[in-house]
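Asker: Following is a predicted model, sequence given first.
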Amino acid sequence: MLTDLSNVANDKASVILFVDDEANVLKALRRLFHNGQYITYFASSGAEGLEILRQNTVDLVISDMRMPEMNGAEFLTQVFMQWPETIRILLTGYADFQSTINAVNNGRIYNYCNKPWNDEELKLLVRNALEQKRLREERDRLSDIVHQQNKELKELNEHLEEKVEHLAFYDQLTGLANRRLLYDRIKQALVFSARSGRMGALLFIDLDNFKTLNDTIGHDMGDLLLQQITQRLRSCVREGDTIARLSGDEFVVILEELSKQGLEAAVQAEAIGNKILNIINQPYQLASHDYRCTASIGIAFFSDRDQSKEELLKQADIAMYQAKTAGRNTLCFFDPQVQANLTFRVALETDLRLALAENQFKLYYQPQVNHKGKIIGAEALIRWDHSQRGLLSPLCFIPLAEETDLILPIGQWVLETACAQIKIWESSIHTQHLQLAVNVSAKQFHLADFVEQVCRILHHSAINPKRLKLELTETLLLDNIDNTIFKMKALREIGVHFSMDDFGTGYSSLSYLTQLPLNQLKIDQSFVRNIGVQTTDAVIVQTIIGMSNNLNMEVIAEGVETEEQRKFLEQHNCLTYQGFLFSKPVLIEQFESLMTQNNQY
């Protein structure tokens, strides 16, 4: 079975000449190839075929072997000698097999087809022959082009080699070393430092607020600034020191041959770093724009050839971000403890992603007690029972969960688990009155489908919505106030309660406070802790209690640790409390024991 090589459509029809002394054969060939795809000619003898070839450009000749006067092999030999580019196919019977083989071996024909032929095989043979001709012509055309290009490339070779080397190792905008050349220079500097015993330093420089410049007056002005900064950097270092543009607005300077003493080397590097900061801070003229720029610099030292270039750059980068955190327009030296903290954070994030799947989170319950000492509810507080680090408080992982959006599945798990516990409490007359408070993160609350999510959980758990209390922070509540009020009202309508957590620590507007459908204000423990210590905090507590009463809201104080604090709160009409005076957060089994001790069972 022949493989069809014709997979590219030609722009013009191919021309085929059929030669056979039998009229019925020519008639059959005319019928087979009369489809508009080809231009066809027909001849009854070799002589007639040669005449057609003289008058027309023909791509393919198909000739019968047995013909009078001039047989097919002789005819195709003539075609080969006069029109060597024309493809030649021989139609032959079994008796002509050896003659056909000889013709093929002599290179006079492309291929042959036995009589009687199979229509599909013959059509496929024709298509493949024409495709091979097209490919050969294309090859020849490309060969001519390549030959011409090679000639031109040879003439430009020296210039191009120089340009290629510059493209490979230098930044096109500033002419400084690029990342590839920088890595090579760092490697050389590490070797030199190890041999000489002298320390070296890597300065990682990042321009402050460079994106703002690009966004306001354009990237062309940003490029101009980078070019001017390049000139200033060159004026700050010695001729042998390397300056590289790493990417965007990041530059790296390699300082070599510093002191052998660490402290003195630090002083030298700091002096050059401050020189760079000062010169970058000078005014710029960007076309018609006056501009001022600052930078943050991180410095990492090297003296050991075993240090890797990647690790050294990483250290300088970490130090640079320390400088950013410190307020920008300053420099910082690499602190190994910072790197240790980052390494810990990366590992913790990996573990955090596994924690839900491996059921490592636990809910702890801290009782909420009324002025008669009766437990009326609890706050659900998440803990992470880490397989290696032990029990972790929310302070250790919630900020990371917020940054990575893992707070969303974690928050949903807390809601589902809390509602499942409420369902259990509802089955007993001794606990069915308990209300459970759950903290909701800003990211979770501001999900477009947060209301629907809570409703689904309530429906699935089949609890009384009044037993669920959502605790929201002041900052969360006042962010997109209209949307916040809409969501709170939607949930209040089905019975869910709301408490403003850590009240007094934010910037609540009284006008907003009257609009929010809150059930409760929670006095922050920082104020409660200072009752009897700071008069101002006691006054704030009284004010919050009075405000709650005037707004017909409940009020609860958290962080109650002493009887003195509780008595003060009760005297000023705060009748609900939470804190270590009553119990620390405990697992559900211990909470139920507290209920028993509280004579509620």
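Answerer: Structure's in. What do you need?
Asker: Now for Gln432: which residues touch it?
Answerer: 425-426 (Cβ atoms under 8 Å, 6 or more residues apart in numbering). Backbone N, C-alpha and C define where each C-beta goes, glycine included.
Asker: Next one, pLDDT for it please.
Answerer: pLDDT recorded at Gln432 is 93.
Asker: Repeat that for the one 3 residues further on.
Answerer: Each residue has a pLDDT score; the one for Gln435 is 97.
Asker: Tell me where the stretch 201-350 of the chain has helices.
Answerer: 210-217, 219-234, 262-280, 309-325, 336-355 (DSSP state H, counting those that start in this stretch).
Asker: Please identify the deepest-packed of the ones you listed.
Answerer: Among these, ranked by average contacts under mean count of other Cβ atoms under 10 Å, first place goes to helix 309-325 (a mean of 19).
Asker: Identify the residues contacting that helix?
Answerer: Counting by Cβ under 8 Å, 6+ apart, 183, 186-187, 190, 202-206, 208, 252, 296-300, 302, 330-335, 338-339, 342 sit against helix 309-325.
Asker: Of the residues you listed, select the buried ones using a PyMOL command.
Answerer: To isolate the buried members of the contacts of helix 309-325 in PyMOL, using 16 or more other Cβ atoms under 10 Å:
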select buried, resi 186+190+202+203+204+205+206+208+252+296+297+298+299+300+302+330+331+332+333+334+338
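Asker: Low-confidence bits of the stretch 401-550 of the chain, can you list those?
Answerer: 504-511 (pLDDT under 70).
Asker: Now, the contacts of helix 309-325 that are in strands?
Answerer: 202-206, 252, 296-300, 302, 331-333 (DSSP state E).
Asker: Show me which of those residues is closest to Glu69.
Answerer: Nearest to Glu69 among the ones in strands among the contacts of helix 309-325: Val252, at 86.2 Å, using Cβ to Cβ.
Asker: Tell me how many other residues surround the nearest residue to that closest one once chain neighbours are set aside.
Answerer: Among residues not flanking Val252 along the chain, Ala244 sits closest, at 4.7 Å (Cβ to Cβ, 6 or more residues apart in numbering). Residues within reach of Ala244, counting by other Cβ atoms under 10 Å, total 23.
Asker: Next, format the helices of the stretch 201-350 of the chain as JSON lines and append distance to Met65 and mean pLDDT.
Answerer: Below are those laid out as JSON lines (distance: least, Cβ to Cβ, whole Å; pLDDT from 0 to 100):
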{"stretch": "helix 210-217", "distance to Met65": "77", "mean pLDDT": "89"}
{"stretch": "helix 219-234", "distance to Met65": "73", "mean pLDDT": "93"}
{"stretch": "helix 262-280", "distance to Met65": "88", "mean pLDDT": "90"}
{"stretch": "helix 309-325", "distance to Met65": "73", "mean pLDDT": "92"}
{"stretch": "helix 336-355", "distance to Met65": "77", "mean pLDDT": "81"}
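Asker: need the contact list for the residue nearest in space to the middle of the chain.
Answerer: Note on the chain: the residue nearest the mean C-alpha position is Thr404, at 12.6 Å, using Cα atoms, centre = their mean. Applying Cβ under 8 Å, 6+ apart to Thr404 gives the contacts 349, 352.
Asker: and if we set it to 10 Å?
Answerer: 349, 352-353 (Cβ atoms under 10 Å, 6 or more residues apart in numbering).
Asker: for Met221, same thing?
Answerer: Listed by Cβ under 10 Å, 6+ apart, the contact set of Met221 reads 213-214, 284, 286-289, 291.
Asker: any idea how far it lies from Ala295?
Answerer: 17 Å (Cβ to Cβ, to the nearest Å).
Asker: quick revisit: now the residue nearest to the centre of the chain. Its backbone dihedrals?
Answerer: phi -100, psi 0 (degrees, to the nearest 10).
Asker: Tell me how far it lies from Leu29.
Answerer: 74 Å.
Asker: do Leu470 as well
Answerer: Computed as Cβ to Cβ, the Leu470 to Leu29 distance reads 87 Å.
Asker: swap in Tyr41?
Answerer: From Tyr41 to Leu29 the distance is 11 Å (Cβ to Cβ).
Asker: number of nearby residues for Leu363?
Answerer: 21.
Asker: before we move on, what about Phe450?
Answerer: 19.
Asker: Surely it is in contact with Leu476?
Answerer: No. The pair Phe450 / Leu476 is not scored as a contact, 11.3 Å apart, by Cβ atoms under 10 Å.
Asker: Return every residue with contacts to both of these two.
Answerer: In contact with both Phe450 and Leu476: 440, 443-444, using Cβ under 10 Å, 6+ apart.
Asker: now those residues as a markdown table including distance to Gln172?
Answerer: Output for the shared contacts of Phe450 and Leu476, formatted as a markdown table (distance: Cβ to Cβ, whole Å):
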| residue | distance to Gln172 |
| --- | --- |
| Val440 | 51 |
| Lys443 | 42 |
| Gln444 | 47 |
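Asker: Validate this expectation: Ile382 resides in a strand.
Answerer: Yes. Applying DSSP: H, G, I helix; E, B strand; the rest coil, one finds Ile382 inside a strand.
Asker: and the gap between it and Ser461?
Answerer: Distance from Ile382 to Ser461, by Cβ to Cβ: 18 Å.
Asker: neighbour-wise, which of these two wins?
Answerer: Ranked by neighbour count (other Cβ under 10 Å), Ile382 and Ser461 place Ile382 first, with 23 against 20.
Asker: Domain parsing of the chain, as residue ranges.
Answerer: Domains of the chain are assigned by automatic domain parsing as 14-140, 179-334, 347-597.
Asker: from the chain's centre, how far out does the shortest one sit?
Answerer: So the one you mean is domain 14-140. 61 Å (Cα atoms, centre = their mean, to the nearest Å).
Asker: and the end-to-end length of it?
Answerer: 18 Å (Cα to Cα, to the nearest Å).
Asker: Helices along the stretch 51-200 of the chain, start to end?
Answerer: 72-82, 97-105, 119-169, 179-196.
Asker: Got phi/psi on the residue of the chain positioned farthest from its centre?
Answerer: Here the chain reaches farthest from its C-alpha mean at Glu69, the gap being 78.3 Å by Cα atoms, centre = their mean. When quoted as degrees, to the nearest 10, the phi and psi of Glu69 stand at phi 70, psi -60.
Asker: Reduced to three states, what does Glu379 come out as?
Answerer: Glu379 is classified as strand under three-state DSSP.
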